[in-house]
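# Just need the structure, nothing else, for what follows:
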Amino acid sequence: MNNRKQYWKKNLRYLLILLSIWFIASFGAGIILAEELNSIRVGGFKLGFWFAQQGSIYVFIILIFAYVYLMNRLDKEFDVDEK
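Purely as a prediction, here's the structure:
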């Protein structure tokens, strides 16, 4: 029973960290810091606009792969992985 609690505690910690990163990338860079980032141009587009339109999606996709990697590692650690 204690093993199960430790597993879910680590799982929730991973979720909170990854969702915080996504929040910072999408809301922070795309909305809050948009004016400051708009002074930088990438490929002809303002960086604030790019984060709001594309950057948060790319960050989310990277976070999906990071979550899969972390969960596979966590499953092996607690011996609940698919063999």
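
# What about the closest residue to Lys46 other than its chain neighbours, how many residues nearby?
Counting by Cβ to Cβ, 6 or more residues apart in numbering, Asn38 is the residue found nearest to Lys46 once chain neighbours are left out, at 4.0 Å. (Glycine included, C-beta is placed from N, CA and C.) For Asn38, the count of nearby residues is 15 (other Cβ atoms under 10 Å).

# Contacts for the least confident helix or strand in the chain by mean pLDDT next, please.
Using mean pLDDT, DSSP states H and E, helix 47-50 stands out as the lowest-scoring helix or strand of the chain, at a mean of 82. For helix 47-50, contacts defined as Cβ atoms under 8 Å, 6 or more residues apart in numbering pick out 29-30, 33-43.

# swap the cut-off to 6 Å and go again
Here helix 47-50 makes contact (Cβ atoms under 6 Å, 6 or more residues apart in numbering) with 34, 37-38, 40, 42.

# same check, this time on stretch 5-12
With contact meaning Cβ under 6 Å, 6+ apart, stretch 5-12 is reached by 74, 78.

# for stretch 18-30, same thing?
With Cβ under 6 Å, 6+ apart as the test, stretch 18-30 has contacts from 51-52, 56, 59-60, 63, 67.

# Fine, thanks again, bye for now.
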